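> make a model of this:
(one chain, ligands or ions: 2)
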Amino acid sequence: MASSLTVANIDAGYGAVRVLEDVSLSVGAGETVALLGTNGNGKSTLMKSIMGIVRPSAGSILAEIDGARHELIGRSTEEIVDLGIAFVPEGRRLFPKQTVTENLLLGAFRPAARSAIRRNLDFCFETFPVLKERARQLAGSMSGGEQQMLALARALMSAPRILLVDEPSVGLAPLLVRRTIDKIKELKDGYNLTVLMAEQNFTQAIRIADRGYVIVHGKIAFAGESAEALNNNDLIREFYLGA
Ligand SMILES: Nc1ncnc2c1ncn2[C@@H]1O[C@H](COP(=O)(O)OP(=O)(O)OP(=O)(O)O)[C@@H](O)[C@H]1O
Ligand SMILES: [Mg+2]
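Ligands and ions are numbered 1, 2, ... in the order given. You can find the predicted model right below:
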């Protein structure tokens, strides 16, 4: 069943520092939407607001999961994950001294996911053969690309309906960036996910995104209804394409 996300008019920040101002965006059921913006413009703050890590001071964040509607503001991160929303944070945030398998199991704390641990673990190993080969390796000793795969796999262990991915390309060589982005598309199709992906790598993000938003200084500066509309946008040309 369909799952979607609607962020409406949120303000958020850290203490007296206001970062997001009147931000609205939506991710329709089964869509892949890119959140584009260069360093420090508020991409992670928006992702964290959706996950209950940062508390917005105004607005609403509505998730529709398998037909049921939930206001996310005011809920804890655990509750939000439990509803079926998974988050792959910027910089992966793995447990470096735990093995690959242990990291994956830590992704399955959602009650609804616990009963399906074996099945989800098998699916993760099937989708990411490298993780099966490295099941007992410490996460911290894996390469950057492998760690990003592990971070994605861990998010899937909670059997999510909506997946948020914060800058999956960061710190990866171009070939690995391409593979990671391809993997996100494969997961989206395989699990029937709704995806919001923050990226600075415009060219790679737009390969799999249905549409996207450009965030500048904490405000949505442009909403592109298609990859083509984004390609032709002046802000994108200025910030990303060096025109
Ligand atoms: N914990 C924090 N306390 C205070 N200010 C913060 C905190 N986290 C982020 N900020 C500030 O909020 C602004 C937006 O940061 P944010 O991390 O959301 O940007 P971003 O678009 O994700 O950037 P990047 O591409 O570098 O990850 C920045 O000015 C940043 O310094
Ligand atoms: Mg960020």
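
> put the alpha carbons of the helix or strand bottoming out on mean pLDDT in the chain into PDB.
Lowest on mean pLDDT, DSSP states H and E among the helices and strands of the chain sits helix 111-114, with a mean of 74. Taking C-alpha atoms only, helix 111-114 is exported to PDB below (Å, rounded to 0.1, in the frame of the first residue of the first chain):
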ATOM      1  CA  PRO A 111       8.900  -4.600  16.800                       C
ATOM      2  CA  ALA A 112       7.300  -5.200  13.400                       C
ATOM      3  CA  ALA A 113      10.700  -6.000  12.000                       C
ATOM      4  CA  ARG A 114      11.800  -8.400  14.800                       C
END
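
> can you give me the buried ones in it?
Buried positions in helix 111-114, judged by neighbour count with 16 or more other CB atoms under 10 Å: Ala113. Yep, even glycine has a C-beta here, placed from its N, CA and C like the rest.

> I'd like the next helix or strand past that helix.
Downstream of helix 111-114, the next assigned helix or strand under DSSP states H and E is helix 117-127.

> pull the distance from the helix or strand following that next one to the chain's centre.
Of the helices and strands lying after helix 117-127 in sequence (DSSP H and E), the nearest is helix 129-133. Taking CA atoms, centre = their mean, to the nearest Å, one finds the center of helix 129-133 at 22 Å from the center of the full chain.

> go on, stretch 202-209?
Here stretch 202-209 is found 14 Å from its chain centre; the criterion is CA atoms, centre = their mean.

> quick one: it near ligand 1?
No. For a cut-off given as CB under 6 Å from any ligand atom, stretch 202-209 has no contacts with ligand 1; the smallest distance is 12.6 Å.

> who's in contact with the residue of the chain found nearest ligand 2?
Here the chain gets closest to ligand 2 at one residue, Ser44, 3.1 Å apart by CB to the ion. When the contact criterion is CB atoms under 8 Å, 6 or more residues apart in numbering, the partners of Ser44 are 90, 166-167, 198.
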